[in-house]
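J.: What would the 3D arrangement of this be:
(2 chains)
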Number of protein chains: 2
Amino acid sequence: MSTKNSVFIACSMDGFIADAEGNIDWLHKIPVPEGEDLGYAQFMDGIEAIVMGRVTFETVLSFGIKWPYEKPVYVLSTQRKDIPRELEGQVKILHGPLKTVLRQIHSEGHQKLYIDGGTTIQNFLAEDLIDELIITTIPILLGAGTALFGPLKNPLDFHGVESKVYQQAIIQNRYLRKR
Amino acid sequence: MSTKNSVFIACSMDGFIADAEGNIDWLHKIPVPEGEDLGYAQFMDGIEAIVMGRVTFETVLSFGIKWPYEKPVYVLSTQRKDIPRELEGQVKILHGPLKTVLRQIHSEGHQKLYIDGGTTIQNFLAEDLIDELIITTIPILLGAGTALFGPLKNPLDFHGVESKVYQQAIIQNRYLRKR
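T.: Sure thing, here's the model as predicted:
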């Protein structure tokens, strides 16, 4: 069965996912009509499980909202062992080399994965494990912050296959890894 | 008369205009049909003069080709005073604060300007003097190189107004400064 690792993330025009103070309020500065989710629900329909880093997991927990994911979530962490009791059965903590982690997730029946969180995305890209990148560009130049992309051993070729403009402001580009 | 400063540049998905060794051969790795100029001629039709830094000017000279610009070119340099004799009347060297330089160019009858070259683009953005950015993204992650964007005193808001996919590979996004 074919596997696929996808990224669906928003960043600034200069490629930052958080500003220099770690803030992400600028992500939501372009008003969108009620119900406009910039393709998120459609993307999630094609996903079987979510893989995220510990920092992203704890950020979601810190929101104090109802757990927002319907699909199984795998959290990558060497530090954290426990999850809140109410998330048992929905969230699993894994650690180890990414390829081993992926084998385990695939063996549990999930082939189409949403890879989320800045560090996790960079780690997957560093091992050339990303097949699809959907990047929503918020039309702001920040000048500094946390970069979406990081260093690589070798350049990675993609195809830019699709592009959409939302609200005459936000541009979403989709890239597929060329293999 | 209204003025406009535009950027038309290609970069990698991770925002580099040259790789870590200064190479730009990857800019041309996606084959395009003969005559496909990715909107360059149409962009140049709307431009009245070109403003570039010394490094870009000397890079163009180093190609040893026929001078490629039909419009007047202004080269920003404090170092260089002379231009090759055959370019007299086509190229002028200017220096000084950007706003003073712009006043001079406008007074010579050129309001719609193409701002080119990595350092020059960053200097214009740092003073919030860019009105339009047309960014052609070559579908490659380089991991390192010369960044298109640099630090800013304050974030700058734009609108993403247009997006095109060329050859199912290259994505070109157009942003207008929100003022």
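J.: where in chain A is pLDDT low?
T.: Chain A contains residues with pLDDT under 70 at A:1.
J.: Show the residue spans covered by the strands in it.
T.: A:4-12, A:16-18, A:49-53, A:73-76, A:91-94, A:112-116, A:132-138, A:140-141, A:146-147, A:156-166, A:170-177 (DSSP state E).
J.: what helices or strands is the fifth one leaning on?
T.: Contacts of strand A:91-94 with other secondary structure elements, assessed using 3 or more CB pairs under 8 Å, 6 or more residues apart in numbering or on different chains; DSSP states H and E, are made with strand A:73-76, helix A:98-107. C-beta coordinates here come from the backbone N, C-alpha and C atoms, glycine included.
J.: what's the nearest residue to the residue nearest the centre of chain A if we skip its chain neighbours?
T.: By CA atoms, centre = their mean, chain A has its centre lying nearest to residue A:116, at 2.5 Å. Among residues not flanking residue A:116 along the chain, residue A:52 sits closest, at 4.4 Å (CB to CB, 6 or more residues apart in numbering or on different chains).
J.: Any figure for the gap between the one you found and residue B:105?
T.: Residue A:52 sits at a distance of 50 Å from residue B:105 (criterion: CB to CB, to the nearest Å).
J.: higher neighbour count, those two?
T.: Neighbour totals were compared for residue A:52 and residue B:105, and residue A:52 leads with 24 against 21 (other CB atoms under 10 Å in any protein chain shown).
J.: Next one: the more buried one from chain B, what distance?
T.: Counting by CB to the nearest CB, to the nearest Å, the separation of residue A:52 from chain B is 21 Å.
J.: so how far is residue A:108 from that residue?
T.: 16 Å.
J.: And for residue A:43?
T.: 21 Å.
J.: Give me the neighbour count for residue A:100.
T.: Counted with other CB under 10 Å, residue A:100 comes out at 11.
J.: same deal with residue A:40?
T.: 12.
J.: Ends of stretch A:75-90, what's the gap?
T.: Its start and end residues considered, stretch A:75-90 measures 11 Å (CA to CA, to the nearest Å).
J.: Quick check: buried residues in that stretch?
T.: A:75-77, A:83 (16 or more other CB atoms under 10 Å in any protein chain shown).
J.: what does stretch A:94-113 give?
T.: Residues of stretch A:94-113 classed as buried: A:94, A:98, A:101-102, A:105, A:110, A:112-113 (neighbour count, 16+ other CB under 10 Å).
J.: and what of stretch A:56-63?
T.: For stretch A:56-63, by 16+ other CB under 10 Å, it's A:56-57, A:60.
J.: And for stretch A:34-45?
T.: Quick answer for stretch A:34-45 (16+ other CB under 10 Å): A:38-39, A:43.
J.: about what we covered before: nearest to chain B, of the buried residues of stretch A:75-90?
T.: residue A:76 (21.0 Å; CB to the nearest CB).
J.: With adjacent residues omitted, what lies nearest to the closest one?
T.: That would be residue A:53: by CB to CB, 6+ apart, it lies 5.4 Å from residue A:76.
J.: Phi and psi next, for residue A:79.
T.: Main-chain torsions, residue A:79, degrees, to the nearest 10: phi -80, psi -50.
J.: returning to that earlier point: biggest separation within the buried residues of stretch A:75-90, which pair?
T.: A:76 and A:83 (12.9 Å; CB to CB).
J.: which residues are common contacts for these two?
T.: In terms of CB atoms under 8 Å, 6 or more residues apart in numbering or on different chains, residue A:76 and residue A:83 are both contacted by the residues residue A:93.
J.: What degree of burial does residue A:145 show, as a neighbour count?
T.: Residue A:145: 21 neighbours (other CB under 10 Å).
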